[in-house]
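Undergrad: got a predicted structure plus its sequence, pasted below:
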Amino acid sequence: MMIYSEKAPAKINLTLDALHKREDGYHELEMIMTTIDLADRIDLVETDDGRIHMDSTSGLVPLDERNLAYRAASLLRERFGIRQGVRIFIHKKIPVAAGLAGGSSDAAATLRGLNRMWKLGLTLEELVKLGAELGSDVPYCVQMGTALAKGRGEILRPLPPPPPCWVVLAKPPHGISTADIFRRLDIDRISARPETEKMIEALSRSDYPAVCRLLGNVLEEVTLEMFPEVRRLKERIRRYGADGVLMSGSGPTVFGLVDRESRARRIVNALRGFCRQVFAVRMLGIPEELSARGG
Ligand SMILES: C[C@](O)(CO)[C@H](O)COP(=O)(O)OP(=O)(O)OC[C@H]1O[C@@H](n2ccc(N)nc2=O)[C@H](O)[C@@H]1O
Ligand SMILES: Nc1ncnc2c1ncn2[C@@H]1O[C@H](COP(=O)(O)OP(=O)(O)OP(=O)(O)O)[C@@H](O)[C@H]1O
């Protein structure tokens, strides 16, 4: 029995800007995302019953067609007339409904893995296009690394990786509905927008202080207003010594950037009493680090 394993890493937003609301109800976005060393693992095994089976170490993810990984498999089966079935096992490490693109990354890893298993011969570009049919974050998750994403998230431009540093993440206990946060966003009342171009320049110079200073996310105001504990968590991470702090995606996960592992560990220990899900991980913005399969 052959197992096809794929690593499904989480992302964080270094910037997130919403330019306007579109006719299709989605928001025109401009955001910089980078991959971090916090990952699910997807194991795929072929079955001959022509069905999609799902299982997971987490009780928090749906195990039917509501799961984005299920939908990824279903999309490939229909589009390419595949008869075989598949058993998808998700080893869940990424917190659910956290703003870290966990479900999207699982779907992207499923696309990559099934492309190998079913020998579809699809290029990364073709997989990115298929990913766009599944969700706004899926195209980026197919590609991984550091990228500027525009449109709904499907127009991608690779960027240089962030300077080497540590990321401390804290996820408050409740999950957040992305749709809910976008619904409450008032585009005309955004008080501070990230300077996307300057962030791109900072990445090109590998300028760590500038990257920390330029972190920005227009959804933060909305989420912080709704959940004061997320604001307090953010303040705490800064107080404990992070060089830059931001909420990722629509939240509620908040992250801090730190230049040394010892400082990252210290912040994690200080946060433990306030938050159950705390992690210190490295950025994975470099392509060689991402090409290692499995995990
Ligand atoms: C906030 C981010 O996480 C940033 O990375 C993503 O843009 C959200 O990505 P996602 O969870 O894959 O999003 P989807 O499942 O496509 O959309 C969830 C909901 O978010 C809102 N949404 C999402 C993306 C976008 N560009 N504009 C939107 O308004 C829509 O109401 C949509 O119904
Ligand atoms: N494979 C999956 N892993 C986690 N959640 C999934 C998965 N498939 C579907 N879901 C559903 O999607 C919802 C959002 O979960 P997810 O962890 O992807 O959120 P997120 O990290 O906020 O995503 P994003 O940053 O892309 O908005 C969950 O409430 C869950 O019911």
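TA: Yep, that arrived. Numbers count the residues shown, from 1 in each chain. Ligands and ions are numbered 1, 2, ... in the order given.

Undergrad: C-alpha from now on. contacts and neighbour counts both.
TA: Will do.

Undergrad: residue ranges in the stretch 1-150 of the chain under the pLDDT threshold?
TA: Along the stretch 1-150 of the chain, the model assigns pLDDT under 70 to no residue.

Undergrad: do the stretch 151-295 of the chain as well
TA: Where the stretch 151-295 of the chain drops to pLDDT under 70, the residues are 285-295.

Undergrad: who in it is up against ligand 2?
TA: In this structure, the stretch 151-295 of the chain approaches ligand 2 at residues Thr178, Gly249, judged by CA under 6 Å from any ligand atom.

Undergrad: which residues of the stretch 151-295 of the chain fall in strands?
TA: Along the stretch 151-295 of the chain, the stretches classed as strands by DSSP state E, counting those that start in this stretch are 155-158, 166-171, 216-217, 244-247, 254-258, 277-282.

Undergrad: what about the residue lying closest to Gly85 once chain neighbours are set aside, how many residues nearby?
TA: Leaving aside its chain neighbours, Gly85 sits nearest to Gly50 (3.8 Å; criterion: CA to CA, 6 or more residues apart in numbering). Other residues near Gly50 number 13, with proximity taken as other CA atoms under 10 Å.

Undergrad: how about Gly59?
TA: A count of nearby residues for Gly59, using other CA under 10 Å, gives 9.

Undergrad: for Arg263, same thing?
TA: Arg263, neighbours per other CA under 10 Å, totals 18.

Undergrad: ok, the residue nearest to it when sequence neighbours are not counted - contacts?
TA: Residue nearest to Arg263 in three dimensions, not counting chain neighbours: Gly241, with 7.7 Å by CA to CA, 6+ apart. Listed by CA atoms under 8 Å, 6 or more residues apart in numbering, the contact partners of Gly241 are Val258, Arg263, Ile267.

Undergrad: how about Phe279?
TA: Applying CA under 8 Å, 6+ apart, one finds that Phe279 lies in contact with Val167, Val168, Leu169, Ala170, Val268.

Undergrad: could you do Lys11 as well?
TA: Met33, Thr34, Thr35, Ile36, Leu100, Ala101, Cys141.

Undergrad: tell me which element the second one is part of?
TA: It refers to Thr34. Assigned by DSSP states H and E, Thr34 belongs to strand 27-47.

Undergrad: okay, the angle between that strand and strand 166-171?
TA: Interaxial angle, strand 27-47 versus strand 166-171 (axes from the mean of the first three to the mean of the last three CA atoms, to 10 degrees): 90 degrees.

Undergrad: the residue nearest to Gly85 contacts Arg87, doesn't it?
TA: No - look at Gly50 against Arg87 with CA atoms under 8 Å: they stay out of range, at 10.2 Å.

Undergrad: what does the helix or strand just after the strand holding Thr34 rub up against?
TA: Counting by DSSP H and E, the next helix or strand C-terminal to strand 27-47 is strand 52-56. Contacts to strand 52-56, defined as CA under 8 Å, 6+ apart, come from residues 63-64, 70, 73-74, 85-92.

Undergrad: the helices in the stretch 1-150 of the chain, which residues?
TA: Remark: helices assigned in the stretch 1-150 of the chain by DSSP state H, counting those that start in this stretch are 68-80, 102-117, 124-132, 138-143.

Undergrad: would you mind listing what in this protein touches ligand 1?
TA: Proximity of the chain to ligand 1 (CA under 6 Å from any ligand atom) is limited to residues 26-29, 99, 104, 135-137, 152-153, 178-179, 182, 249-250.

Undergrad: among the residues you listed, which two are most distant?
TA: Glu28 and Ser104 (18.7 Å; CA to CA).

Undergrad: thinking again about what came up before, can you flag the buried ones in the contacts of strand 52-56?
TA: Leu63, Tyr70, Ala73, Ser74, Gly85, Val86, Arg87, Ile88, Phe89, Ile90, His91, Lys92 (16 or more other CA atoms under 10 Å).
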